[in-house]
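Undergrad: 3D model of this:
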Amino acid sequence: MKLRHIIELALNREWIHRNPFKDFKLQWQKTDRGFLTQSEIESLMEAKFEDRGLEQARDVFIFCAFSGLSYTDIRHLTKENIQSFIDGKMWITGKRRKTVTEYNIPLLNIPNAILDKYSGKTSNGYVLPVYTISWYNKLLKRIAEQCGITKKITSHIARHTFATLTLTKGVSIESVSKMLGHTSISTTQIYAKITDRKIGNEMNQFAGSVKKLDSKFLAATIDDVNINDVFLSLKIGTGKASDTVWETLAAKLWSKMANVERQSFLSEMQSRESNPKTIRDFYIVLMDYFLENLNGQCNSEKSSVDRETKQATNLQSN
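TA: Residues are numbered from 1 along each chain as shown. I've put the predicted structure just below:
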């Protein structure tokens, strides 16, 4: 890009008469932005270090992984950057030293505990003990080896980890971009690697939104469930004169249910430890299921069913 700018400048000022690189095409290669998984982060937090330098470097890394701050910003973080917001909670606020873009990040419990750990123990007004970048990265390499992490850990991996974990846990990319202090969401997409877990979470939400379509599809594909087959499956005897009224009512109620609802009722009955033994008991269970699960049908149907049940009960009493 710099070379292209100089060539265009030379052409405009007529220092040269043609662009010698006009036909040259760049071949871009995408790089894989590394990050730590939640289990790897937990390994870092649970590790015990005899070397104080390793412990401090670990703490700074964890703070960045739960705040998204870059090495330069964390090194110059002061008490003035920790402020109470309108929601009554503490936030990390400031401007990125690289782009002068504002960032506002809620202070979570883990980074807050790290701040408390080093309160009054640092110099120059900074809140954390941050080493020079070269020594910091060397310490991170030793930490990774001690924790059994094979990935190459650098200061910027913490920032990548924050972006990836927040997106995985459902935070919108707009909010993540704002917290990272990016000027555009496209920059956030480079830092934040979308994991399989995030895809799985979003597809679960999608599955829930099309659940009604599932029912309609199943209703069109499964075989029609006949009430006599249900009696046979539950080992309920039929044909008794005393059960005629209850069989009629059960059949009427059964006809008001969609086939997928009948299948669902039968599956529920087959999974129960105890099932109704008589037609009357079956009708009562079926009525309970109807009222609890299918009460979205019109009130007139419900009233009709209630009226028929009352008549049958009176007839049975007489």
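Undergrad: For the stretch 51-200 of the chain, which residues score under the pLDDT cut-off?
TA: 191-200 (pLDDT under 70).
Undergrad: quick one: the helix or strand hosting residue 138 to chain centroid distance?
TA: Using DSSP states H and E, the element containing residue 138 is helix 133-146. In terms of Cα atoms, centre = their mean, to the nearest Å, the centre of helix 133-146 is found 31 Å from the chain centre.
Undergrad: Can you name the element that comes right after that helix?
TA: helix 155-168.
Undergrad: all strands of the stretch 1-150 of the chain, in order?
TA: 82-84, 90-95, 102-106 (DSSP state E, counting those that start in this stretch).
Undergrad: List the contacts of the longest one.
TA: The contact list for strand 90-95, computed with Cβ atoms under 8 Å, 6 or more residues apart in numbering, reads 67, 69, 73, 77, 81-85, 101-107, 111-112, 181. Every C-beta, even on glycine, is put in place using the N, C-alpha and C of the backbone.
Undergrad: Please spell out the ChimeraX selection for the buried subset of these.
TA: Applying 16 or more other Cβ atoms under 10 Å to those, the buried members can be selected in ChimeraX as follows:
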select :67,69,73,77,81,82,103,105,107,111,112,181
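Undergrad: pretty sure residue 98 is touching residue 69, no?
TA: No: using Cβ atoms under 8 Å, residue 98 is not in contact with residue 69, being 11.3 Å away.
Undergrad: quick one, phi/psi of residue 51?
TA: The phi/psi pair for residue 51 (degrees, to the nearest 10) reads phi -80, psi 120.
Undergrad: what's the spacing between it and residue 74?
TA: 20 Å (Cβ to Cβ, to the nearest Å).
Undergrad: Report the buried residues of stretch 135-155.
TA: Of all the residues in stretch 135-155, those buried under the rule 16+ other Cβ under 10 Å are 136-137, 139-140, 143-144, 146-147, 149, 153-155.
Undergrad: If you drop the residues flanking it in sequence, what lies closest to residue 127?
TA: Spatial nearest neighbour of residue 127, excluding adjacent residues (Cβ to Cβ, 6 or more residues apart in numbering): residue 77 at 5.3 Å.
Undergrad: where's that neighbour relative to residue 126, distance?
TA: 6 Å.
Undergrad: go on, residue 230?
TA: Residue 230 is 74 Å from residue 126, by Cβ to Cβ.
Undergrad: For these two, indicate the residue with more neighbours.
TA: Ranked by neighbour count (other Cβ atoms under 10 Å), residue 230 and residue 126 place residue 230 first, with 19 against 16.
Undergrad: check contacts around the closest residue to that one other than its chain neighbours.
TA: Spatial nearest neighbour of residue 230, chain neighbours left out: residue 266 (5.7 Å); criterion: Cβ to Cβ, 6+ apart. Counting by Cβ under 8 Å, 6+ apart, residue 266 touches 225, 230, 233.
Undergrad: which outside residues touch whichever strand or helix holds the second one?
TA: Going back to what we said before, that points to residue 230. For residue 230, the host element (DSSP H and E) is helix 227-233. Residues outside helix 227-233 that contact it (Cβ under 8 Å, 6+ apart): 237-238, 250-251, 254, 262, 266, 269-270, 279, 282.
Undergrad: buried sites along it?
TA: For helix 227-233, a neighbour-count test (16+ other Cβ under 10 Å) marks 227, 230-231 as buried.
Undergrad: how about the residue nearest to residue 127, phi and psi?
TA: The phi/psi pair for residue 77 (degrees, to the nearest 10) is phi -80, psi 130.
Undergrad: how close does it sit to residue 17?
TA: In this view, residue 77 and residue 17 are 53 Å apart by Cβ to Cβ.
Undergrad: what does residue 272 give?
TA: 90 Å.
Undergrad: Who has more neighbours out of the two?
TA: Legend: neighbour count by other Cβ under 10 Å for residue 272 and residue 17, higher for residue 272 (10 against 7).
Undergrad: Relative to residue 77, how far out is the more buried one?
TA: Going from residue 272 to residue 77 by Cβ to Cβ gives 60 Å.
Undergrad: With neighbour numbers in mind, choose between residue 51 and residue 74.
TA: Between residue 51 and residue 74, counted using other Cβ under 10 Å, residue 74 has the larger neighbour count: 24 against 12.
Undergrad: List the contacts of that one.
TA: Contacts for residue 74 were tallied using Cβ under 8 Å, 6+ apart; they are 60, 63-64, 67, 128, 130.
Undergrad: Please dump those residues into CSV; it should also carry distance to residue 242 for every row.
TA: Output for the contacts of residue 74, formatted as CSV (distance: Cβ to Cβ, whole Å):
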residue, distance to residue 242
60, 81
63, 77
64, 77
67, 74
128, 83
130, 86
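Undergrad: Looking at those residues, which is nearest residue 202?
TA: residue 67 (24.9 Å; Cβ to Cβ).
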